[in-house]
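Asks: Predicted coordinates and the sequence they were generated for:
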Amino acid sequence: MRSSIIPAFSALLLCAAFVAGPRAATTLEQAEQQIPGSDLWIEGQLETIYALNEHLNPFGIEVESESGQVTLGGSVPSETQRRLAEQLARDIAEIRSVENNIAVHPDAALPAPKALYAVVSDANITTRIELRLLWNRETSSLDIDVDTADGEVRLGGTAASEAERQAAERIALGTEGVRAVENSITVAEGGGTGEASSDTDAAASPLPSMPVGDAWITARVEMSLRFDSEIKDGNIDVSTDNGVVSLTGTVRSQAQKEKAAEVAGGIIGVKQVDNALRIAQAS
C-alpha cells in the first residue's frame, strides 16, 4: 500500500504547487512539505494515509514528527484500530520511531462531516465504471457522463439505442461499491432498441489505429473481473491466446462462473471465452 499512496501524494503536492504558481511555495514550511523525509512531509504522508483508511479516517488521528520520530495522538474505539495506526506509521521507511499515545475509548465520537475517504471512494467508483464502459464492446463508443455521491451513481449522456443504454446501466450497477444507479442516459433520435451490430462493435474500439493484443485483453479482463461486485472475491486466473480468453480457478457458485464468462466476453477484442472455472465445495 505504501508504494502506491506515498508517491501519488507527493506528486499531488508538486502538481498543486505548479498550478497555484509562485505563491504556492513562498514559505520555508510550504517548501519543506515537498521534501521527502522532512518532518512536514512525514506528517503529510501519515495524515493522508489515515484519511484514506476506512477504519481510521473518522477519528482525526494527531500526528507530530520531530527528526523522523513520530508521536501519534487522539482516540479510537478499539485496540485494533490503535495498533493499525501505529503499523501504518511504521511502514513508512523515513520514520525512525513511533510513539503511540492514541487512547482507546469505545465511545469515541464519529464526526459528521464527510471524510476524505468517502470522497476518494466515490472517485474510485466513478473511475471503475468509466473504465468498464470504455473496455466493453457495447459501450466503448458511447458519450456517457458518470457521477458518484455516497456510492449512488448517476449516468448521463447519450446512447445510440435502448440496448446500449441498458448495457451501461447493467455495467454500472454491477460495479464494486455501487449502491444504486440513476440512468439519465438519453437514446439518440432514431435510435433502435436492438443489439448493436458487429460492424458497430468493430467501430467502437477505443484503439482503432492499433491491434488489440492478447496482453491488452488479459489485463482488461482481469481488471473488469476485479471491479465486478458479484465476482471480485473469486480466485480467477486469466490468459489469452489469439483473442481466446481462458478462465481458470475457483468461484463460489454457478452464477459467479456464468457472470465471469459474461464479463470476459464483453471486453473488446475477445473472440471466445473458454470457461474452465470450478465451483468451490462448501466446507
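Replies: On my side now, so go ahead.
Asks: got the end-to-end distance for stretch 90-101?
Replies: End-to-end distance of stretch 90-101: 14 Å, with CA to CA, to the nearest Å as the criterion.
Asks: Which parts of it count as buried, going by neighbours?
Replies: 92, 95, 98 (16 or more other CB atoms under 10 Å). From N, CA and C alone the C-beta is placed, and that goes for glycine too.
Asks: just stretch 61-74 next, same as before
Replies: Under 16+ other CB under 10 Å, the buried positions of stretch 61-74 are 61, 63, 65, 70-72, 74.
Asks: Among the residues you listed, name the ones in strands.
Replies: Among these, DSSP state E puts 63, 65, 70-72 in strands.
Asks: Tell me the one of those residues nearest residue 129?
Replies: Closest to residue 129 out of these is residue 63 (33.8 Å), distances taken as CB to CB.
Asks: and the closest one, bridged to which residues?
Replies: Bridge pairing for residue 63 (DSSP bridges) gives the partners residue 72.
Asks: Might one say that it is in contact with residue 47?
Replies: Yes. Counting by CB atoms under 8 Å, residue 63 does reach residue 47; the two are 5.6 Å apart.
Asks: circling back: among the buried residues of stretch 61-74, which two are most distant?
Replies: 65 and 74 (15.0 Å).
Asks: ok, of the buried residues of stretch 90-101, which one's closest to residue 251?
Replies: Nearest to residue 251 among those: residue 92, at 36.8 Å, using CB to CB.
Asks: any idea how far the closest residue to that closest one other than its chain neighbours is from residue 63?
Replies: If the residues on either side of it in the chain are set aside, residue 92 comes closest to residue 45, at 6.0 Å by CB to CB, 6 or more residues apart in numbering. Look at residue 45 and residue 63: by CB to CB, to the nearest Å, they are 9 Å apart.
Asks: Equivalent analysis for residue 190, please.
Replies: Counting by CB to CB, the separation of residue 190 from residue 63 is 59 Å.
Asks: Repeat that for residue 230.
Replies: Separation of residue 230 from residue 63 (CB to CB): 39 Å.
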